[in-house]
Structures are given as structure tokens and as C-alpha cells.
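*Asks:* from the sequence below, what's the structure:
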Amino acid sequence: MTAWCADLEGIGTVFAGALPEIGQACRDPNDDHVITTAIGANAGIIVTGDKDLLALGQFQGVRIITTREFLSELTAV
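*Replies:* Residues are numbered from 1 along each chain as shown. Sure thing, here's the model as predicted:
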């Protein structure tokens, strides 16, 4: 797992910018920080297994999908 995380750091981007104010977006307000960070970082997709986030499907143009859906999209390309 550690090697995978190190690889991810090598190809990813660390977001340290200001976060937008979005109000309550999710039925579980403890998950709102995930959405806020995705919007602030201009992410296109949140990949998660969290049922509260998945129930949204998308928020302000950010798609919210399962790992299985994400992997299916990757292998289809």
C-alpha cells in the first residue's frame, strides 16, 4: 500500500488552495469537506464507496462514482 501511495504522489497534485463555501451539500455534513475539496481543486470525479456521497451522483459538475465504475471507465479507454 505504501508504494501505491508513493506512486500516487508522483502523478497527482497536492491541493493547498482556498476552499469554496458550498453550504451543506451532502445528507451527511461530515462528507461535505470531500466535495468542497474536489470543487476547489477543479476535480472532475470523486471516486468513493461512501453511500451518502454516491447518493448525490454529482455536485456542481463533479461526478461521484464507485471504484468499480471508475475502473470500468479506465479499462474502456
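*Asks:* in the chain, which residue is closest to the centre?
*Replies:* Residue closest to the average C-alpha location in the chain (C-alpha atoms, centre = their mean): Ile46, at 2.3 Å.
*Asks:* which SS class is the closest residue to that residue other than its chain neighbours?
*Replies:* In space, and not counting its chain neighbours, Ile46 is closest to Ile64: 4.6 Å by C-beta to C-beta, 6 or more residues apart in numbering. The C-beta positions use only the backbone N, C-alpha and C, and glycine is treated the same way. For Ile64, the assignment made with DSSP: H, G, I helix; E, B strand; the rest coil gives strand.
*Asks:* next SSE after the helix or strand hosting Leu53?
*Replies:* Per DSSP states H and E: Leu53 is located in helix 51-56. Next in sequence after helix 51-56, counting helices and strands by DSSP H and E, comes strand 58-59.
*Asks:* how distant is that following strand from the center of its chain?
*Replies:* Chain-centre distance of strand 58-59: 10 Å, with C-alpha atoms, centre = their mean, to the nearest Å.
*Asks:* if we can go back for a sec, who's in contact with the residue nearest to Ile46?
*Replies:* Ile64 is in contact with Ile45, Ile46, Thr48, Leu53, Leu54, Leu56, Gly57, Gln58, counting by C-beta atoms under 8 Å, 6 or more residues apart in numbering.
*Asks:* which single one of these is nearest to Ala16?
*Replies:* Proximity of the contacts of Ile64 to Ala16 was ranked by C-beta to C-beta; the top entry is Ile46 with 18.6 Å.
*Asks:* does the closest one touch Val34 like I think?
*Replies:* Yes: Ile46 is within contact range of Val34, at 6.2 Å (criterion: C-beta atoms under 8 Å).
*Asks:* quick check: neighbours shared by the two?
*Replies:* Residues touching both Ile46 and Val34 (C-beta under 8 Å, 6+ apart): Leu53.
*Asks:* pretty sure Ile46 is in a helix, no?
*Replies:* No: Ile46 is assigned strand when assessed by three-state DSSP, not a helix.
*Asks:* how far away is it from Ala6?
*Replies:* Applying C-beta to C-beta, to the nearest Å, the value for Ile46 to Ala6 is 22 Å.
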